[in-house]
Every structure is written in structure tokens, then in C-alpha cells.
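> Model the structure of this input:
(one chain, ligands or ions: 1)
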Amino acid sequence: MEVISSIEEIQQITLQFEREGKKIGFVPTMGFLHEGHLSLVELIRERSDILIVSIFVNPTQFGAGEDLGKYPRDMERDLSLCRKHKVDYVFSPSTEEIYPKFASTYVSEEMVSDGLCGHARPTHFKGVTTICAKLFNLCRPTFVALGQKDAQQLVVLKRMIRDLHFPIEVIVGPTVREADGLAKSSRNSYIKAEHRKDALLLYQALEAGRALVNENGIRDVDPVKSELISILQTGHSLKVNYADIVDRETMKPESEIEMGRSILIIAAWVDKIRLIDNMLLG
Ligand code: AMP
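As a prediction, this is how the structure comes out:
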């Protein structure tokens, strides 16, 4: 496995593979890798000739007062996990390398980004689309693996890929969870033992909402939303950001539940940690 931090070097490597007709599989990450990230590597292994993982904590997707400085990092551990999973290249540039001094070009998606996480974090998705456009240009993937865990980000990136004509196929990986149901996230390392029960409420609320729909046949969104919120409100350290039922492709609120299209989606702060989770209905 090679670790690359220079733009020039990654360009030389990926352009050469492109000339040779090799299929590049790519997993963009912010590091502090866990089984969710690694499941994405495995998901595209078979169809890819070359596997690239990027590790970059992207400052432009963090707003003022968010946890950029505190975001967990452990490069040695990440590299050893990538080696274990037979990744070919880790691309891990510095901020200065990726955002040159007078950079003034950004990419923004303007439909799906507006709402849900886009309300609480107004500059977040512009940071995500900008860094992913840069990474796609540099790593030249045939396949990019993205997690369903970040449902809104997934749709924003699918739109950007379509709208800007990136020749990339998106492969979506299901959410990998802890044994108790908590969706794996690099930020889980911050959750204090006494708040773990509250963090679990996101999953418990989603499961209860799903049961109302699947087992009780409810298709009206209001009782399901009320159920989500009443479960989340039992957490003393939990503050709800949103709990909604949206269309999985547009991320706009549904008036009626449509099986296979509607998702339950939640964001909440547990103590000071922002957690998100979602579940497809049907
Ligand atoms: P991040 O490092 O948090 O930016 O995530 C990098 C990629 O891993 C994104 O496509 C995420 O959706 C995906 N991912 C994060 N957590 C999980 C999880 N628990 N299960 C599956 N994919 C995940």
C-alpha cells in the first residue's frame, strides 16, 4: 500500500491507471476508520482493479463553532486498517495542498442541500461537494462507495455527479451498526458512558417508527413523527435537531408514507455530539 499526500503524485498515478483502462474504486473518508468505512472498501473490491481510500478531515464542511479541531484522528491506526483490508493507495493530503492559498472556486448543490442538516449546518454541504469534486478529479474513480448512513449527503453527491457529468457509478453501502444498534460513526468515540443510553434512542426511535409503519400499517406521517419525537425526548442529554419522514431521492418531507421511497431521518445532539441516523421504510 502506498500513502500519497501530493496532488501531482496522485494525478500521475490515476491518469496512468486510466490510460491502462483500469477501474478505480474509491472510498472518500475523514478517517478514524471503523467497520462502516471498511464495509465500503469491501463493497467495491470485486469490481475494482485499484482501491483508493482518501483520509482528509475537510475544514470547509465544518461550520464556525463545530468540532473541526476536536474531530478524532489516528492516522497510524487508519493506515494499518487500510493495509489489512488490502487498499492499494491512501490519499491523505494536507489542507494547504487541497486548498491552495487564493482558491476561490466552490461547488454547491442547491436543491437537496437545503433542509434537514442544511438548516443546522448551512455551509456543510457546499464543503462536502467541493471536496468530493476535487477528490473525484484527482482520484478518477470508476466507482465511488458511499454510505446510506449519511442519507442526505448521499443524495447531494449523487446529484452533483449527475449534474456535473462525472463518469462515476455510485455504490451505496448499508449502515453498519454497533451490536446495540447505534450507527457506527467516528464521533461515537466522544460519547461518554453515561450518555450512551441517550445516543441509542436514535436507533430505538427509528425502530419504533418502522414498527408503526410495517406492523400497524400506518401511512400517515404525523403519528409516526410524534412517536419518533416522544421517544427522543426521553433522553435527558438529548436535544432533537429534526425527526422527519422524507422522500429518499429528494429529501423533502412526505405527506404520506410510501413504502420503498420514504425514509425516517433523525439528527440530534447527545451532550455536545451531533448524531444522525435514518431508516428506509419498506
Ligand atoms: P466520514 O468519514 O464520516 O466522512 O464517512 C465516509 C463515508 O463512510 C461516507 O460515505 C459515510 O456515509 C460512510 N459511513 C460512515 N459511517 C458509516 C456506517 N456506520 N455504515 C456505513 N457507511 C458509513
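> Tell me the spacing between the residue lying closest to Asp163 once chain neighbours are set aside and Phe136.
Spatial nearest neighbour of Asp163, chain neighbours left out: Glu109 (7.4 Å); criterion: CB to CB, 6 or more residues apart in numbering. All C-beta spots, glycine's among them, are computed from the backbone N, C-alpha and C. To Phe136, Glu109 is 14 Å away according to CB to CB, to the nearest Å.
> right, and Val41 touches Thr29 too?
No. Between Val41 and Thr29 there is no contact under CB atoms under 8 Å: 9.5 Å.
> Return the residues in contact with Ile276.
By CB atoms under 8 Å, 6 or more residues apart in numbering, the contact list for Ile276 reads 117, 149-150, 183, 202, 265-267.
> and the ligand, which of these reach it?
Among the contacts of Ile276, the residues within reach of the ligand (CB under 6 Å from any ligand atom) are 149-150, 183.
> out of the residues you listed, who has the most neighbours?
Neighbour counts for these, by other CB atoms under 10 Å, peak at Ala183, which reaches 23 neighbours.
> Enumerate the residues of the stretch 51-200 of the chain near the ligand.
So the stretch 51-200 of the chain meets the ligand at 146-147, 149-150, 173, 175-176, 183-186 (CB under 6 Å from any ligand atom).
> May I see the residues you listed organised as a markdown table, with secondary structure, pLDDT and distance to Lys192 added?
A markdown table is the format used below for these (DSSP: H, G, I helix; E, B strand; the rest coil; pLDDT from 0 to 100; distance: CB to CB, whole Å):
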| residue | secondary structure | pLDDT | distance to Lys192 |
| --- | --- | --- | --- |
| Leu146 | strand | 98 | 30 |
| Gly147 | strand | 98 | 25 |
| Lys149 | coil | 98 | 22 |
| Asp150 | coil | 98 | 24 |
| Gly173 | strand | 98 | 28 |
| Thr175 | coil | 98 | 23 |
| Val176 | coil | 98 | 22 |
| Ala183 | strand | 98 | 18 |
| Lys184 | coil | 98 | 17 |
| Ser185 | coil | 98 | 15 |
| Ser186 | helix | 96 | 16 |
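> Okay, and the residue nearest to Cys117 when sequence neighbours are not counted sits in which element?
The spatially closest residue to Cys117, leaving aside those adjacent along the chain, is Gln152, at 5.4 Å (CB to CB, 6+ apart). Using DSSP states H and E, Gln152 sits within helix 151-163.
> Just read off the phi/psi values of Leu81.
phi -70, psi -40 (degrees, to the nearest 10).
> Count residues in the vicinity of the nearest residue to Thr14 once chain neighbours are set aside, would you?
With CB to CB, 6+ apart as the criterion, Thr14 has its nearest non-adjacent residue at 4.2 Å, and that residue is Arg140. If you count neighbours by other CB under 10 Å, Arg140 ends up with 22.
> and Arg140, what is it in contact with?
Per CB under 8 Å, 6+ apart, neighbours of Arg140: 14-15, 17-18, 24.
> filter the residues you listed to the buried ones?
14, 17, 24 (16 or more other CB atoms under 10 Å).
> pLDDT for the residues you listed - can I get that in a markdown table?
As requested, the buried ones among the contacts of Arg140 are exported to a markdown table (pLDDT from 0 to 100):
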| residue | pLDDT |
| --- | --- |
| Thr14 | 98 |
| Phe17 | 98 |
| Ile24 | 98 |
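> State which one residue of the stretch 101-250 of the chain is found closest to the ligand.
Gly147 (2.4 Å; CB to the nearest ligand atom).
> Compute the distance between the closest residue to that residue other than its chain neighbours and Ala208, please.
Spatially, and ignoring its direct neighbours in sequence, Gly147 is nearest to Gly173 (5.1 Å; CB to CB, 6+ apart). Applying CB to CB, the value for Gly173 to Ala208 is 25 Å.
> Look at these two and report which has more neighbours.
Gly173 (21 against 16).
> just to revisit the earlier point, so which of the contacts of Arg140 sit within helices?
14-15, 17-18 (DSSP state H).
> Specify which member of those residues is nearest to the ligand.
Thr14 (19.5 Å).
> Isn't that closest one up against Asn137?
No. Using CB under 8 Å, Thr14 makes no contact with Asn137, being 9.4 Å away.
> Do a quick rundown of the strands in the stretch 101-250 of the chain.
If DSSP state E, counting those that start in this stretch is used as the criterion, the strands of the stretch 101-250 of the chain fall at 143-147, 169-173, 238-247.
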